[in-house]
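1. Prediction below, plus the sequence it came from.
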Amino acid sequence: MGLIRRIRVTQRAMERAMPGVSLRDQIRNEEIRRRTRFTDIAQRVAKLKWQWAGHIARRTDGRWGLKVLEWRPRTGKRSVGRPPTRWTDDMRRVAGRQAARDRVLWNSLQKTWNG
């Protein structure tokens, strides 16, 4: 989330720089976004992640993409606390395992996932 926040801040700064709007002008971000007609970068990244995950889940040729997503490293000692949540875990919670096989269902579930 920290990386997404920094990307959003950078995107807003670029959107302000293009029309030459300063923070002192006190123009809302929504107004600048309406003028520039850009989409939020976090929404775009989430959509691309969802599409890529569906693509990887539908592959059946045995390439390494799905194996990498399922891989859990064995380092000998486990860290203290809750295990880190991977975005594949979130997708499984929303869509289940076999949902990617049905493209229409997968694309409709994209709107519920906030990746």
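-> Now that the structure is in, tell me what you want to look at.

2. can you map out the helices along this protein?
-> Taking DSSP state H as the test, the helices found in the chain are 2-17, 29-36, 41-58, 64-70, 87-95, 103-109.

3. Can you tell me how far residue 32 is from residue 83?
-> Remark: distance between residue 32 and residue 83 (CB to CB, to the nearest Å) = 40 Å. (Glycine included, C-beta is placed from N, CA and C.)

4. Would you mind telling me which of those two has the busier surroundings?
-> residue 32 (17 against 9; other CB atoms under 10 Å).

5. That one contacts residue 22, doesn't it?
-> No: look at residue 32 against residue 22 with CB atoms under 8 Å: they stay out of range, at 11.2 Å.

6. Find residues that contact each of the two.
-> With contacts defined as CB atoms under 8 Å, 6 or more residues apart in numbering, the residues adjacent to both residue 32 and residue 22 are residue 16.

7. and of the helices of the chain, who's closest to residue 78?
-> If you check each of those against residue 78 by CB to CB, helix 87-95 wins as the nearest, at 16.8 Å.

8. what comes up buried for that closest one?
-> Counting neighbours by 16 or more other CB atoms under 10 Å, one finds that the buried residues in helix 87-95 are 91, 95.

9. That one packs against which elements?
-> helix 41-58, helix 103-109 (3 or more CB pairs under 8 Å, 6 or more residues apart in numbering; DSSP states H and E).

10. which of those helices is buried the deepest?
-> Mean neighbour count (mean count of other CB atoms under 10 Å) peaks for helix 41-58 among those, with a mean of 16.

11. okay, the angle between it and helix 2-17?
-> The directions of helix 41-58 and helix 2-17 differ by 130 degrees, with axes from the mean of the first three to the mean of the last three CA atoms, to 10 degrees as the criterion.

12. Mind giving me the packing neighbours of helix 41-58?
-> helix 2-17, helix 64-70, helix 87-95, helix 103-109.
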